[in-house]
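Peer 1: Whatever this is, show me its structure:
(one chain, ligands or ions: 1)
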Amino acid sequence: MPQVTLSFDNGPDPDVTPRVLDVLAKHDLRSCFFVIGRKLTDPAARKIAERAHAEGHWIGNHTWTHETPLGRLDDPAVPDREIGATQREIGDLAHPDRWFRPFGGGGKIGPWLMSTGARDFLTDGGYSVVIWNSIPRDWEDHDGWPVRAVEHCAAHNHTLVVLHDFVAPAMANLDRFIGTLADQGYVFSQEFPDDCVLIRRGIATRPLDDYVQS
Ligand SMILES: [Zn+2]
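Peer 2: Below you'll find the predicted structure:
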C-alpha cells in the first residue's frame, strides 16, 4: 500500500501548532516538525516543541532565519549561524539523526538549497538532510491544498508532504485531509522516503551536484 509521511515546517507557532498536534493525536499519527531556530527562543513556542517531542514527533532543523536559501549565501559564517545555532536551540529535543531541511524559497528544489560550506557543515556535523516530494502550497491556497496533496500522494509510492503549522486557515483542513487519505487506504509513516534523504548521518546518499551551489 502506498505510504504517506507528513511534515510541518516553519513553526512552532503557539496558536496553530497545538491544534495540529491535537489532530495528529486524534489519528494516532507521528510526524516531523522542522522548526525555525529564532521562533524557538519564544518560551511559548518552545513549550509546544517540547509537547510535540513528548508526543513522539521528531523535531528537525529548518534554519535560524528562513530568509535566504543557503546556496545563495557564501559567507563562511552562515552555516553555523543558520544551522548550528538552530541545532543548539533545539538542544535535547533533537533526533539522533539530526534532521535538517533546507529552505527552498517556495518549495523549489535546486542548487540553491546548499552552499558548499553548508554541505560540508552538514556532513561534518553528522546531520541528515531531508527534502520533499509534495509541496501542496498550503500557505497560499488554504482550502485548495488538500486536493493537490491527494494528487501528489497518488503519484508516489511514498509521499513526503510539506505543510506549515503557522497558517491557521490551512491547518483547519488537516483533519479532513488525513481522513480522506485514511479512507483511501494510505499507510502513514513517520519515516522519510529514501529518495528524499540527501545526506544521512553525515553521509551523502547520492551525488549532491543538483542540490549544492558550485
Ligand atoms: Zn520553510
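Peer 1: Report the closest residue of this structure relative to the ion.
Peer 2: Residue nearest to the ion within the chain (Cβ to the ion): residue 9, separated by 4.1 Å. All C-beta spots, glycine's among them, are computed from the backbone N, C-alpha and C.
Peer 1: Just confirm that residue is within a helix.
Peer 2: No. Per DSSP: H, G, I helix; E, B strand; the rest coil, residue 9 lies outside any helix segment and is strand.
Peer 1: Return the residues in contact with the nearest residue in space to it that is not next to it in sequence.
Peer 2: Distances taken as Cβ to Cβ, 6 or more residues apart in numbering put residue 34 closest to residue 9, at 4.6 Å, once the chain neighbours are dropped. Residue 34 is in contact with 7, 8, 9, 10, 60, 61, 62, 99, 101, 130, counting by Cβ atoms under 8 Å, 6 or more residues apart in numbering.
Peer 1: need these in JSON lines with pLDDT and neighbour count, can you?
Peer 2: Below are the contacts of residue 34 laid out as JSON lines (pLDDT from 0 to 100; neighbours: other Cβ atoms under 10 Å):
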{"residue": "7", "pLDDT": "98", "neighbour count": "26"}
{"residue": "8", "pLDDT": "98", "neighbour count": "30"}
{"residue": "9", "pLDDT": "98", "neighbour count": "24"}
{"residue": "10", "pLDDT": "98", "neighbour count": "21"}
{"residue": "60", "pLDDT": "98", "neighbour count": "28"}
{"residue": "61", "pLDDT": "98", "neighbour count": "30"}
{"residue": "62", "pLDDT": "98", "neighbour count": "26"}
{"residue": "99", "pLDDT": "98", "neighbour count": "24"}
{"residue": "101", "pLDDT": "98", "neighbour count": "24"}
{"residue": "130", "pLDDT": "98", "neighbour count": "27"}
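Peer 1: one step back: state the distance from the residue of the chain closest to the ion to residue 96.
Peer 2: 21 Å (Cβ to Cβ, to the nearest Å).
Peer 1: swap in residue 10?
Peer 2: 23 Å.
Peer 1: Check residue 185 too.
Peer 2: 32 Å.
Peer 1: Kindly report the same for residue 20.
Peer 2: Taking Cβ to Cβ, one finds residue 20 at 24 Å from residue 96.
Peer 1: With neighbour numbers in mind, choose between these two.
Peer 2: residue 20 (27 against 9; other Cβ atoms under 10 Å).
Peer 1: Isn't that one up against residue 9?
Peer 2: No. Using Cβ atoms under 8 Å, residue 20 is not in contact with residue 9; the gap is 11.5 Å.
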